[in-house]
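K.L.:
Generate a structure from the sequence data that follows.
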Amino acid sequence: MFRLFRFKSILMRLFRIAHIGYVLIGYFWVNWMGNSGFSRLFVPRVYKSEGAVKSKEERLRIVIERLGPTFIKFGQILADRPDIVSSKFRDQLKNLQSSVKPFDDDLAFELIEQELGAPIEKTFEYIDKKCIGSASIGQVYKGKLHTGEEVVIKIQRPNIKDKIKLDLQILEIAVRRLTKEYPELIVMNVPAFVEEFGETLKNELNYFNEVSNAARFNDMFAKVEYCKIPKMYIPLCTNKLIVMEHIKGIKPDNRDTLVLQGLDPSEVAKNGVNIFLKMIFEHGFFHADPHAGNMFILSGNRLALIDFGMTGSLKPSHMNFLASFILGVANSNAGKITDALLEVSGNNFFKDKEDLEFRLQEILNRYGTMNYNTINFSAVLQDCVKVIVRFELQIPSSIYLLIKALATLEKFGYALDPDITLATYIRPFATALIKKKYSAKNIAGGLADMVKNYAHLIQTFPSEMSEILNNVKQGKLTFDIKMNNSEVIQGAIKQVGQKIALIILVISALIGSGLMLAWQPEHSLAKTVFLLSSVVAGWLVFRLLLKTKL
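P.N.:
So this is what the prediction gives:
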């Protein structure tokens, strides 16, 4: 039995490799055949448009569609990465459509029973015989529990895990070979992108991740009346089966239908924008695919969200970047935007910072004729990212996911209310985040941590210094220093050294004069030194507090 299963698995792999090979050979064959007028007659119809051979970008998009769900998902994510592919190819990738036929309903019911470990009748009063939706990974049915609750059942496609695993292996092998021939792909971080894509897809294959995401969103919005997260029936869920509350609502892509149902499209748009901005700025965890198909409008202008397979997580540094970026746009401050982009890309001492700031200022000038409250915020963000890509700076993938989510959110709001602008709603969230970052409580906590670290340093310094000296005596001390840009590093070290020297001098003067005053309260020199050092210390704290302009 085991040998038979293994033989079937090997056979499936061979067929899949043969299919991929067939599609790719066909693509390269068309490239060769399309070079002359006569040979174009033999180009397959799928690669032609009105008798002419389609462009290279169009043909690549067709190839990706023919390769199936894994490659289509890869292309859809690649469409939002201007740092990896050209704008022409990204335009084609945005047109990728996953036309997945539903698999047999009887087989779906068998799989549901396998996951439940019991007949369907034991858990459900009924399940509709026909699926209501079919995607690349799963298939969806409506049903009803014996308790009377209407539910949606999502069951994973048979053998989809093995198919996707094989596709990912082929994709990784292809990228490894391409990076050997084209080293610039390593610079563009393509191998890391493919690896990250593989992890994302594997997470989607485990339905427990989607259930966990839904539970997390439910906790986040438990007290927000205008947001509805469907209930997950966790005891019935497995890594291949999801049973969740059936949401009955109206799709938000038809404004007239909402009005006919007595709903207020403007209020719906406002609620939707606030929900997603709360995700981003207050929780750092957001629904990464907020299109109309994943939303329902309920009574009271409430918004219900579904499909939590694709989410994004933001580190505190990413959230601070976004807040600083927004306030930089609001204040037309290219310097602030430059600092935010360089910080999030890990290049605080960038040699071409002046040129980068000039390019970003040009973008601000281009949008400068608009009022901030009417500006297309996602367009500004995308233009700035295009500039940073030209300077070959890498920013975290979650930022690209965030840009996509914001752009989709902006379209969602505009479709319901043409007068709504994302910029109007996003600025208060950014201001609140910056204020929180530089609040007295956070600064006090930071100072406490700094004092604790210095205390630990003082405590451990003698023993560590003894160890270093002992290693020097025994000739065991080695140095391993790598400097890719010595001028920048030397400048940075000099700047940091000067700041540290100033801080140590001020603290020493403050403590020393304070001790002298404790012994001799009338000592005039001690009073002068204490006063001056207090003023300088206050000035340093003042600069820290006002480093970010609100």
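K.L.:
any idea of the mean pLDDT for stretch 192-205?
P.N.:
Computed over stretch 192-205, the mean pLDDT rounds to 84.
K.L.:
Then stretch 254-270?
P.N.:
92.
K.L.:
which parts of it are buried?
P.N.:
Buried residues in stretch 254-270, counted by 16 or more other CB atoms under 10 Å: 255, 258, 263, 265-270. In this view, the C-beta of every residue, glycine as well, is placed from N, C-alpha and C.
K.L.:
Give me the phi and psi angles of residue 156.
P.N.:
phi -70, psi 150 (degrees, to the nearest 10).
K.L.:
And it, how far from residue 204?
P.N.:
10 Å (CB to CB, to the nearest Å).
K.L.:
higher neighbour count, these two?
P.N.:
Each of residue 156 and residue 204 has its neighbours counted (other CB atoms under 10 Å); residue 156 has more, 22 against 18.
K.L.:
Bridge partners for that one, pull those for me.
P.N.:
Per DSSP bridges, the residues bridged to residue 156 are residue 138.
K.L.:
what sits against it?
P.N.:
Shown in contact with residue 156 (CB atoms under 8 Å, 6 or more residues apart in numbering): 111, 137-138, 205, 207, 240-241.
K.L.:
Out of these, which comes closest to residue 362?
P.N.:
Nearest to residue 362 out of these is residue 137 (CB to CB; 43.4 Å).
K.L.:
pLDDT-wise, which helix or strand of the protein ranks last?
P.N.:
Within the chain, no helix or strand scores below helix 184-187, which has a mean of 55 by mean pLDDT, DSSP states H and E.
K.L.:
Go ahead and name everything in contact with whichever helix or strand comes after that one.
P.N.:
Using DSSP states H and E, the helix or strand that follows helix 184-187 in sequence is helix 190-205. For helix 190-205, the surrounding residues in contact (CB under 8 Å, 6+ apart) are 70, 73-74, 77, 81, 84, 137, 156, 160-161, 164, 168, 171-172, 175-176, 178-179, 185, 209-210, 239, 309-310, 397.
K.L.:
for stretch 101-117, same thing?
P.N.:
119-120, 122-123, 127, 129-131, 134, 139, 141, 153, 155-158, 236, 238, 240-241.
K.L.:
same thing but 7 Å
P.N.:
For stretch 101-117, contacts defined as CB atoms under 7 Å, 6 or more residues apart in numbering pick out 119-120, 123, 129-131, 134, 139, 153, 155, 157-158, 236, 238, 240-241.
K.L.:
Let me see the ranges of the strands in the stretch 201-350 of the chain.
P.N.:
In the stretch 201-350 of the chain, the strands defined using DSSP state E, counting those that start in this stretch lie at 227-228, 241-245, 285-287, 295-298, 302-305, 311-313.
K.L.:
Would you format those strands as JSON lines with mean pLDDT, distance to residue 376 and mean neighbour count included?
P.N.:
Formatted as JSON lines, the strands of the stretch 201-350 of the chain follow (pLDDT from 0 to 100; distance: least, CB to CB, whole Å; neighbours: other CB atoms under 10 Å):
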{"stretch": "strand 227-228", "mean pLDDT": "96", "distance to residue 376": "25", "mean neighbour count": "22"}
{"stretch": "strand 241-245", "mean pLDDT": "97", "distance to residue 376": "35", "mean neighbour count": "23"}
{"stretch": "strand 285-287", "mean pLDDT": "92", "distance to residue 376": "20", "mean neighbour count": "22"}
{"stretch": "strand 295-298", "mean pLDDT": "94", "distance to residue 376": "22", "mean neighbour count": "21"}
{"stretch": "strand 302-305", "mean pLDDT": "96", "distance to residue 376": "23", "mean neighbour count": "21"}
{"stretch": "strand 311-313", "mean pLDDT": "88", "distance to residue 376": "21", "mean neighbour count": "18"}
